[in-house]
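Trainee: sequence and predicted structure, then a few things I'm wondering about:
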Amino acid sequence: MSKHILLGISGGIAAYKSCELVRLLKKQGHRVTVAMSRAAAEFVSPLTFQALSGNPVLSETHNGESGGNGMAHINLTREADIFLIAPASANTIAKIANGIADNLLTNLAAARKCPLAVAPAMNVEMWFNPANQRNIARLQSDGITVFQPVSGEQACGETGVGRMPEAAELAELLPDLWAEKSLQGKKVLITAGATFEAIDPVRGITNISSGQMGMALARACRAAGAEVSLVYGQIQTGIPAGLAHAEQAISAEAMYQAVMKQVPQQDVFISVAAVADYKVKNSSAQKLKKESGKPPVIELAENPDILASVAKLDKPPFCVGFAAESENIIEHARAKRLRKNIPMLVANDVAVAMGKTINRITIIDDAGETAFPETDKNQAAAAIVSRLAELLASVNPCLKG
Ligand code: CTP
């Protein structure tokens, strides 16, 4: 959904990251208008932001006016869907927390009608300074979103919390602010990717799952307001930003252990991982040597079925399974849902989906089957979350809100 984003830039070296942020937000299809503080214009030229955003830049030194009535600080936030200040300096944060409006950015913040978000960037001591922490808490209690700074090496040479998140992370998290919060307050555990069963220290049995469907679901659940935990095997994609917990578990046994540890706290379990049904019984601690005419014999033993085990718990979370099929897709998927005793299952054709960016899913639940056309995995994930939220609301009508 295309939005008009007003991007405020206050003074700080992290202003260079905002150049990339403008580019990424534009790539997502949004309109971006940049407003800069006097100090920000010392770090990056307004002309850079004008070229990247394709819009006049409003700054205290170079006034690209909006509306032609000298009321840019009012007009701009009326036109915008969201006002993001990134980077937000300790000084700007302190002023906004206390209602001070003595420059362009703080005037825009005070006069705004649209939601405000800030991405603080400052030295680690400034970040933990009690006055700054008080100001951050006040912003949050005023309904302002704070994108927490991350830890790392700082421009001043010190190391610690205070770095503004990378532009890609902010561009990923910002759209969550206008997403429908259909899973608000829910805790969701997701498995993703392929497991790997070792034959020896360098070889193993795995599959072509890339982890993209699981990651798309993690993003969609996070956007819907859920607290998302992820257990992933081998993946060929990045891990989403803003998750409550993420850990890697390579073998089916390790994934089973990780899931069983996490699951008691969860409301929902979505089992997307392509888990190996068998492990190698006679795996070797040393690399197998080639012996001409004597190929090694690999013996297999059954792995735990993670999804079925979770569904069998005394108080299971709401379980969503996947069925990766290559033939008789719906028939096999229907049988799998009943065999594993789970309320919701997503059937997909391995030839269309596995290792790819697209999927063609059919959602199967007690009410029947809904087939969706081939689409990218983010849209498939949105459809799954939407149905999941409906089913959770029917289990617990209080959720309907
Ligand atoms: N699954 C699991 N643990 C396993 C095997 C599968 O948790 N050891 C989960 C998958 O994450 C998926 C669902 O069970 O949600 C179905 O997985 P799939 O590979 O399609 O089916 P299997 O149960 O392995 O059955 P089959 O191989 O006969 O198709």
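Mentor: Structure received. Numbering: from 1, shown residues only.
Trainee: what residue in the stretch 101-250 of the chain comes nearest to the ligand?
Mentor: Of the stretch 101-250 of the chain, the residue with the smallest distance to the ligand, taken as Cβ to the nearest ligand atom, is residue 191 at 6.0 Å. The C-beta positions use only the backbone N, C-alpha and C, and glycine is treated the same way.
Trainee: residues contacting the closest residue to that residue other than its chain neighbours?
Mentor: Leaving aside its sequence neighbours, residue 191 sits nearest to residue 273 (Cβ to Cβ, 6 or more residues apart in numbering; 3.7 Å). When contacts are counted by Cβ atoms under 8 Å, 6 or more residues apart in numbering, residue 273 touches 191-195, 209, 214, 231-233, 255, 306.
Trainee: thinking again about what came up before, and for the residue of the stretch 101-250 of the chain closest to the ligand, the neighbour number?
Mentor: 29 (other Cβ atoms under 10 Å).
Trainee: do the one 5 residues further on as well
Mentor: Each residue near residue 196 was counted by other Cβ under 10 Å, and the total is 19.
Trainee: so it sits against residue 203, correct?
Mentor: No. With contacts counted by Cβ atoms under 8 Å, residue 196 stays clear of residue 203, the gap being 9.9 Å.
Trainee: the residue of the stretch 101-250 of the chain closest to the ligand: which element?
Mentor: strand 187-192 (DSSP states H and E).
Trainee: please list the residues of the chain that sit near the ligand.
Mentor: Contacts of the chain with the ligand, taken as Cβ under 6 Å from any ligand atom, map to 252, 271, 273, 275, 277, 303, 305-307, 321-324, 336.
Trainee: of those residues, closest to residue 395?
Mentor: residue 321 (16.6 Å; Cβ to Cβ).
Trainee: give me the pLDDT for the residue nearest to residue 191.
Mentor: Looking at residue 273, its pLDDT stands at 98.
Trainee: may I have the phi/psi pair for it?
Mentor: phi -60, psi 140 (degrees, to the nearest 10).
Trainee: dump the residue contacts of residue 122.
Mentor: Contacts of residue 122 (Cβ under 8 Å, 6+ apart): 12, 89-90, 132, 149, 162.
Trainee: closest to residue 38 out of the residues you listed?
Mentor: Of all the contacts of residue 122, residue 38 sits closest to residue 89, with 11.7 Å by Cβ to Cβ.
Trainee: what ranges does the stretch 51-200 of the chain have for its strands?
Mentor: 58-59, 82-88, 116-120, 145-146, 150-153, 159-163, 187-192, 197-198 (DSSP state E, counting those that start in this stretch).
Trainee: output those strands as a markdown table; include the columns mean pLDDT.
Mentor: As requested, the strands of the stretch 51-200 of the chain are exported to a markdown table (pLDDT from 0 to 100):
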| stretch | mean pLDDT |
| --- | --- |
| strand 58-59 | 90 |
| strand 82-88 | 98 |
| strand 116-120 | 98 |
| strand 145-146 | 98 |
| strand 150-153 | 92 |
| strand 159-163 | 93 |
| strand 187-192 | 98 |
| strand 197-198 | 98 |
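Trainee: list only buried entries from the residues of the chain next to the ligand.
Mentor: If you count burial by 16 or more other Cβ atoms under 10 Å, the buried members of the residues of the chain next to the ligand come out as 252, 271, 273, 275, 303, 305-307, 321-324, 336.
Trainee: dump those to a markdown table, plus secondary structure and distance to residue 99.
Mentor: Converted to a markdown table, those look like this (DSSP: H, G, I helix; E, B strand; the rest coil; distance: Cβ to Cβ, whole Å):
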| residue | secondary structure | distance to residue 99 |
| --- | --- | --- |
| 252 | helix | 56 |
| 271 | strand | 49 |
| 273 | coil | 49 |
| 275 | coil | 54 |
| 303 | coil | 59 |
| 305 | coil | 57 |
| 306 | helix | 52 |
| 307 | helix | 52 |
| 321 | strand | 51 |
| 322 | strand | 50 |
| 323 | strand | 55 |
| 324 | strand | 55 |
| 336 | helix | 58 |
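Trainee: where's the dip in pLDDT among these?
Mentor: Within these, pLDDT is lowest for residue 324, at 91.
Trainee: from residue 334, how far out is that residue?
Mentor: 14 Å (Cβ to Cβ, to the nearest Å).
Trainee: next one: residue 51
Mentor: 55 Å.
Trainee: so for these two, which residue has more residues nearby?
Mentor: With neighbours defined as other Cβ under 10 Å, residue 51 and residue 334 compare such that residue 334 has more, 17 against 12.
Trainee: where does that one sit: helix, strand or coil?
Mentor: Here residue 334 is helix, with the state taken from DSSP: H, G, I helix; E, B strand; the rest coil.
Trainee: the chain should start at 680 in everything you say after this.
Mentor: New numbering, starting at 680: the last item is residue 1013.
Trainee: how near is it to residue 684?
Mentor: 45 Å.
Trainee: the lowest-mean-pLDDT helix or strand in the chain vs strand 761-767, what angle?
Mentor: Least confident helix or strand of the chain, by mean pLDDT, DSSP states H and E, is helix 751-758 with a mean of 79. Interaxial angle of helix 751-758 relative to strand 761-767 (axes from the mean of the first three to the mean of the last three Cα atoms, to 10 degrees): 120 degrees.
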